[in-house]
Every structure is written in C-alpha cells, then in structure tokens.
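Engineer: Fold the following and give me the result.
(2 chains)
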Amino acid sequence: MSSSNEPAHSRGFGLSLRLFRKRDFYAGLLMIGFGLVMSIHGPTYSLGTLMHMGPGFLPTALGVLLIGIGITISLTAIGVPDGEDEDILPAHPQWFAWACILASPLLFIVFGMYGGLAPATFACVFVASLGDHKAGWFAGIVLSLIITVFGVLLFHFVLQIPMPVLKFFEWSIL
Amino acid sequence: MITTAISDLAHGFSVIIYDPNTWFHLSINLLWCFIGVLIGNMVGVLPGMGPLATISILLPLTFGMKPVGAIVMLGAVMYGAQYGGAICSILLNLPCHPPHAVTCLDGYPMTKQGRGGVALGVTVMASFVGASWGITEMIFLSPILVRVALQFGPAEICSLMLLGLLAGSTLARGSPLKGVAMTVLGLMLGIVGSDIETGAERFTFGITELDDGIELIALALGLFGLAEFMNSVNQQAEINTKYTNVRLRDMRPTREDVRRSVFPMMRGTIIGSLCALIPGTGPTIASFVAYATEKKVSKTPEKFGTGMIEGVVCPETSTHSSTQGDFIPTMSLGIPGDAVMALLLGALMIQGIVPGPQLITQHPDVFWGLVASFWIGNIMLVLLNVPLIGIWVKLLTIPYKYLYPSAMFFVCIGVYAANNDMFQVGEVLAIGILGYVLLRLGFHPAPILLGFVLGPRFEENFRRAMLISRGDILVFLERPISAVFIALATILVVGQLYFRLKGGKKQVVPGDTVEQPLAAE
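Structural biologist: Now for the predicted structure:
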C-alpha cells in the first residue's frame, strides 16, 4: 500500500492528488465535520455566562476544540510523507461480509417486531454467518438453529425477556 | 491502618461467601464470581472475542442483580480474560488480546520447542503472584487515596478528570492527537440527551428515544462488537493447532524454570503496579515495559525471542498486577484508566451507585466485596486453568465463522434486553458503522468510552466550579491540588510533544510494534 507501489506519474500531480490518498487528511475532515455540527448547533441551546453556564456552553466549546484538533490532524497529514497504510479501505474489502454483518441487526429488529424472538434470532445468526466466505448454507442453518433453541431457552424462559417466541400480527405463541 | 484494612477485608469476604438466608449459608455472589471468571477465561481463550464486548453483552443481564453481584461478575470477566488471553498467545502465536501480544515473542518459540505447557504453567503462577500484589496494593492504597480525594471540591475533581482523560487518550495506542479527538467525541456523545440542570434536550434531533441519552451498552457494543466484527471478518489467520495438545503433566516447570522465574516475577509485579497507578497506562503498556526491562537486565539479551522463560513471566506478571491495580483509581476516585474500567463504572452507575471517593464509605459492601472477590476469583482461575487446561485448549479450535454470528445474536438481544427497546438495536447499528469508519481512519475508539462515561460528571463539576468561583476560570490554577493536576496534565502533553518532535516519526506504538515481527513469521 505504500506510495512506491503506485505508478510514478501519479506522484507528479503533487499536493492536490496526494491529499486524496492521505488517510489522516480524511480523519481530520471527519473530526472537523463533527466539530461543526456541535459548534453550530450548540449555541441554539443558550450559552449562558461563564458563571451560569447554559446547556449550550460545553457542546459549543467542545465543538470548537474538535475543529481545532481536526485541522491539526489534517495539516500534519499534508506535511508528513505517505506512510505505509494510507488506503481507507482494507487490502481486501469485504463488501458482502460487511453487508451481512450490518443486515444481521437490521433483520433482528424487523423480525423481532413482526415475528418474535425465534425468527429474529434465526435470521440474525443465519445472515451474519453468510458473511464468512468459508461458511456454507448448511452449516449456517445448523448454527442458527442451535443458537435459536439456546437463545429462546435462555432469554425467554430463564431470563424472561418480554418478547414472544413467535408471533404473527395479533396471534402469538408464548 | 493494617487492622482496619484486615477487618474491612474480612467484611468483604463475609459479603462474598456468607449469606445466612441461603441453603448451606453460601452467598450467591460466589456463584456470580465463578460464572464471571468462567466466561472471562472462555472469551480470553477464544481468538477474536474481547472482554469489552463480553462485559457489554453481560451488562444488561446484571440489571436484575444486586450491585455487589453485578460488579463482582463483570470484574471477574475482565481479569478472567487475562488468564485466557495468555493461552491464545503462547500456543497459537495470535496476539488477539493486546496485553498478551508481547507474550507471543517468547511464548510461541517455547511452544515450538515443546515447552508450551511449561510456559502456560509458569504463566498461571506468575499471574497469581501479579494479581495478588495488585489486590494488596488496592487494599492499602485505596483508603489513603480516598482520604485525600474526599477533600476535593468541584474544581479539583474537574482537573483530575481532565488529567485522567488526557492520560487515557494520549498514552493508549495510536496517535495521541487522534486519541484526544476520540475523547472529545466521547464527551460529545455523552452530551446527547436531556441536560441535567435545565432539562433542555440537546442533540436529540427530535428523536424522543434519545432523550435519556445514548445507551452506554449500545455504544460499547457498536464500537467493540459490531465494528470489531466488520474489521476481523475474513481476516482471520489460519489457526495452527499443531501444538495445542497440552496436558496437565506438561505444565509442571522444572526447578531451573522456577529459579529463573522468581526475579522476573518480582520485576514484573513492580512494573505492573506502577503502571496501574498512572491513569491511561493499563496492562498493555505494562507488558511492553516489562518485556523491554527484562531484556535490558538480562545477561543474554540476544536470546530473547527464542523462547526465554523470563520473556514470558515478566510481562505476564506485570499485566496481571496492572489489571488488578487498574481498579484502584476506578473504584476509589471514580476515574477509569481505560475503556473496560469505564464500562465497569457505567455498570455501577446503572445500579444507582455514584462512583467517586465516597464509594468506599457509602457502599463498603461493593468495594470490599469486590476486593475479596478478586482473591476468590484468582484462586478459582488457577484451579480452572491448571487441571482443565485440556478443555481450554480445545476451545481454541472453534472457528471464527461460528463465533461471530453467535456473538451478533448476543449483541442484539443484549442491547434489546437493556430497555426492551428495539430502537437501541438500531443505535448499535449506527454506532457500529461509525466505529468501523473511525477504525479505518486510524482512530482507536477506546477513549470514546472514557469520554462518554466521564462526560456528564465532568460537565456537572465544571459548571459547579464555575458557579462557586463566580465565573473565574483561573480557579483551576489558584487551588493548589487542582493546580498540581493541571501541571501534571501540561507535563504530559508537553512531554509527548517533545518526544514526538525529537524522535521524529519513530514513535513507539505498543500493539503495532509486535505485529511486524509476528507477521513476518
């Protein structure tokens, strides 16, 4: 991932192109973004005085501080030569696995609200298991079934979490 | 002083062991302690699971328990994981738990020579010695610290928190500047919700579920569960199980091994207990300092890395002594040193216990019960690790493809169970995405938790200090104790800047330095 691997001509564009390969530059930008949200939104909650601080005082102060830190991170990124790992994405992006991992809690929410604990657990574990490229469908189903049985026993019957095991609109089991 | 300490400790033991209302007069806390160390040891062994995610998952399950049981169990997970983590480093050469990363350097070569069992044996011994010292330190030091800290006004508390936050964010892994940025981000996330004094809704953006603020569990599980899974999915190294056949018989060290371990153990204990007292330098830094020291005092430094028993014993002892010692500032001052301690403090707050110097006098059951449970838990861990080593080694072979989907379920149900609210599962999702972006941008998210937990108390005390001083910001420098903390914080920042500029880019980042030689292997 080091700069020596890339074609020589890309280095010729100088500062402007190099900036976009700098991880720290974006890291600083993100912090500036958070800082801006805080410092712009903060004063709407009334700042107060130093003696009687309003609810908006600390957020605004922190926002300004974070903007300062963000600018420093970005500026130091420009000055330093490219490091080893400047790519924001990892060497082998796992888009499918990431989608699976993110879909897992999403399905838990949806099935939990409209289907109950058992389908939610099954969907959550099964979808997450698909993310690993060594995992097969069958192993995923078996794992999900085991976790579903275990989860229902532990959380519904032992810990008594108020979530029906299985429900279909008005109709529910347990 | 010693007599009061002993009588307090006796009280702690009675809280943990004795309960007249139960069958056999044994307290349920004993069971919680056992469950805690068992789960802790298990997640410590499993590559790819950390104590942070585990404690966050268990946190909602402790809501129904008494405060003593809850904190005893969660604490036990934390130090139990330290015992398990060493197994993973020594037998598999996987530095998956930062405090044990350095143990790989000499532990794995020992395994390759067929002395993995011995390495594990002396590690258990070293762990117990280190932990015992850490606990003793806690027994005697905490009351002294508390006596000083009870004199603190809002200004002193504020300066102390500032020092704690700065140390926690700049001394931990990665760039200090980015660490500070994460702390500020954590403070900001702590602001979301209703203002304590005026009740004004801040940064809720009209979402009523956010009125009570961001849920601590959702934050911890998003950052250390979801984001970690995204980071490590399909990135797991092949687990080499060639050397994992360790039996009890193999663990017995020879007389020579014991003789060589005694002094490293003592050095490790001292280093660990010193690191515990400086906020922000937890077990990980202690282990690196210990390894470097051991190499320096050794007569044969060139042999390090080829399976020197000293290189295993010293870092392991320091890790354990530091792990137990980390509880000192957390429990006696209410200032957590790292993210795990922040989470434990959060657990106390959820139980309705306000952390701070008044904790020991107001809740002696919690404090001394916890201290007593450390002894019992560590003895349980030694008993668990020596005869049952075969079972733990088997656990190492559980593949990640089964682990993380199961963990996803526990993340979802755990955060749901906290308030029986699906919105918080969504919170985990959002924070998880943010956490992964931060990880990819080179931030270490642990200080977020530190800022988040301390944030509301920091704001409260800051406002109070300003009110008392009639808006004079110089009050922090005029009061002597507060000035000392501010001076220490300044030295910390200036010192880091100085070393940064002097050393150029050749900075020592623990956790990153070992990965190079290991990756090359």
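
Engineer: how many neighbours does the residue lying closest to A:Gly54 once chain neighbours are set aside have?
Structural biologist: Leaving aside its chain neighbours, A:Gly54 sits nearest to A:Gly48 (3.0 Å; criterion: Cβ to Cβ, 6 or more residues apart in numbering or on different chains). For every residue, glycine as well, the C-beta is placed using N, CA and C. When neighbours are counted by other Cβ atoms under 10 Å in any protein chain shown, A:Gly48 registers 16.

Engineer: For A:Gly48, grab phi and psi.
Structural biologist: The phi and psi values for A:Gly48, taken as degrees, to the nearest 10, are phi 70, psi -170.

Engineer: Hmm, A:Gly56 and it touching each other?
Structural biologist: Yes - counting by Cβ atoms under 8 Å, A:Gly48 touches A:Gly56, with 7.4 Å between them.

Engineer: Where does chain A get nearest to chain B, which residue?
Structural biologist: A:Met51 (3.3 Å; Cβ to the nearest Cβ).

Engineer: element containing the spatially closest residue to that residue that is not a sequence neighbour?
Structural biologist: The spatially closest residue to A:Met51, leaving aside those adjacent along the chain, is B:Gly471, at 3.3 Å (Cβ to Cβ, 6+ apart). For B:Gly471, there is no host helix or strand (DSSP states H and E).

Engineer: The one 5 residues further on now?
Structural biologist: Secondary structure assignment for B:Phe476, by DSSP H and E: helix B:475-478.

Engineer: Contacts (any at all) between chain A and that helix?
Structural biologist: No - judged by Cβ under 8 Å from any Cβ of the partner chain, helix B:475-478 makes no contact with chain A; its nearest approach is 10.6 Å.

Engineer: I'd like the next helix or strand past that helix.
Structural biologist: Defined by DSSP H and E, the subsequent element after helix B:475-478 is helix B:480-503.

Engineer: Mind listing what's buried along that following helix?
Structural biologist: Across helix B:480-503, burial judged by 16 or more other Cβ atoms under 10 Å in any protein chain shown covers B:Ile481, B:Ser482, B:Ala483, B:Phe485, B:Ile486, B:Leu488, B:Ala489, B:Leu492, B:Gln496.

Engineer: State the mean pLDDT of it.
Structural biologist: The pLDDT scores in helix B:480-503 average 83.

Engineer: what's the offset of it from the middle of its chain?
Structural biologist: 24 Å (Cα atoms, centre = their mean, to the nearest Å).

Engineer: what's the longest helix in chain A?
Structural biologist: Counting by DSSP state H, the longest helix found in chain A is helix A:57-79.

Engineer: Against which helices or strands is that helix packed?
Structural biologist: helix A:15-19, helix A:23-41, helix B:176-191 (3 or more Cβ pairs under 8 Å, 6 or more residues apart in numbering or on different chains; DSSP states H and E).

Engineer: domains for chain A, by residue range?
Structural biologist: A:3-79, A:95-173 (automatic domain parsing).

Engineer: Confidence-wise, which of those is weakest overall?
Structural biologist: Looking at the domains of chain A, the lowest mean pLDDT belongs to domain A:3-79 (a mean of 75).

Engineer: Contacts only, for B:Glu215.
Structural biologist: B:Val415, B:Ala418, B:Asn419, B:Gln424, B:Glu427 (Cβ atoms under 8 Å, 6 or more residues apart in numbering or on different chains).

Engineer: what do you get if the cut-off is 10 Å, keeping everything else the same?
Structural biologist: Listed by Cβ atoms under 10 Å, 6 or more residues apart in numbering or on different chains, the contact partners of B:Glu215 are B:60, B:209, B:221-222, B:346, B:350, B:415, B:418-419, B:421, B:423-424, B:427-428, B:431.

Engineer: One more: B:Glu460?
Structural biologist: B:Pro154, B:Ile157, B:Cys158, B:Ile196, B:Glu197.

Engineer: quick one: which of those residues is nearest chain A?
Structural biologist: For these, the nearest to chain A is B:Glu197 (7.4 Å; Cβ to the nearest Cβ).

Engineer: give me the number of residues near the closest residue to the closest one other than its chain neighbours?
Structural biologist: Using Cβ to Cβ, 6+ apart and skipping the chain neighbours, the partner closest in space to B:Glu197 is B:Arg463 (6.9 Å). With neighbours defined by other Cβ under 10 Å, the count for B:Arg463 comes to 23.

Engineer: quick one, the helix or strand containing B:Arg463 and helix B:176-191 angle?
Structural biologist: Using DSSP H and E, B:Arg463 sits in helix B:446-468. Orientation of helix B:446-468 against helix B:176-191 (axes from the mean of the first three to the mean of the last three Cα atoms, to 10 degrees) gives an angle of 60 degrees.

Engineer: ok so, going back, same list (the domains of chain A) but as CSV, adding distance to B:Gln324.
Structural biologist: Output for the domains of chain A, formatted as CSV (distance: least, Cβ to Cβ, whole Å):
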stretch, distance to B:Gln324
domain A:3-79, 34
domain A:95-173, 30
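
Engineer: that older thread, any of the contacts of B:Glu460 buried? List them.
Structural biologist: Buried subset of the contacts of B:Glu460 (neighbour count, 16+ other Cβ under 10 Å): B:Pro154, B:Ile157, B:Cys158.

Engineer: Show the overlap between these and what lies near chain A.
Structural biologist: Contacts with chain A within the buried ones among the contacts of B:Glu460, counted by Cβ under 10 Å from any Cβ of the partner chain: none were found.

Engineer: Would you check how far apart B:Met265 and chain A are?
Structural biologist: From B:Met265 across to chain A, the span is 37 Å (Cβ to the nearest Cβ, to the nearest Å).

Engineer: so what's that residue up against?
Structural biologist: Neighbours of B:Met265 in contact, by Cβ under 10 Å, 6+ apart: B:122, B:125-126, B:129-130, B:133, B:258, B:310, B:313-314, B:316-318, B:321.

Engineer: hmm, try it at 6 Å
Structural biologist: Contact partners of B:Met265, counting by Cβ atoms under 6 Å, 6 or more residues apart in numbering or on different chains, are B:Ala126, B:Val129, B:Val313, B:Thr317.

Engineer: How about A:Lys22?
Structural biologist: A:Lys22 makes contacts with A:Ala77, as judged by Cβ under 6 Å, 6+ apart.

Engineer: re the thing from before, present the contacts of B:Met265 as TSV; the columns should include neighbour count.
Structural biologist: Compiled in TSV, those are given as follows (neighbours: other Cβ atoms under 10 Å in any protein chain shown):
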residue	neighbour count
B:Ala126	27
B:Val129	21
B:Val313	32
B:Thr317	34
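
Engineer: Most widely separated two among those residues?
Structural biologist: For the contacts of B:Met265, with distances taken as Cβ to Cβ, the pair at the greatest spread is B:Val129 and B:Val313 (9.3 Å).

Engineer: one step back: correct me, but the residue nearest to A:Met51 touches A:Leu50?
Structural biologist: Yes - counting by Cβ atoms under 6 Å, A:Leu50 is a contact partner of B:Gly471 at 3.7 Å.

Engineer: just so I have it, where are all the strands in chain B?
Structural biologist: B:193-194, B:201-202 (DSSP state E).

Engineer: Would you mind saying which of these lies nearest B:Lys299?
Structural biologist: Of all these, strand B:193-194 comes closest under Cβ to Cβ, at 58.8 Å.

Engineer: Grab the nearest non-local neighbour of B:Ala86.
Structural biologist: Excluding the flanking residues, the one nearest B:Ala86 by Cβ to Cβ, 6+ apart is B:Thr123, at 4.8 Å.
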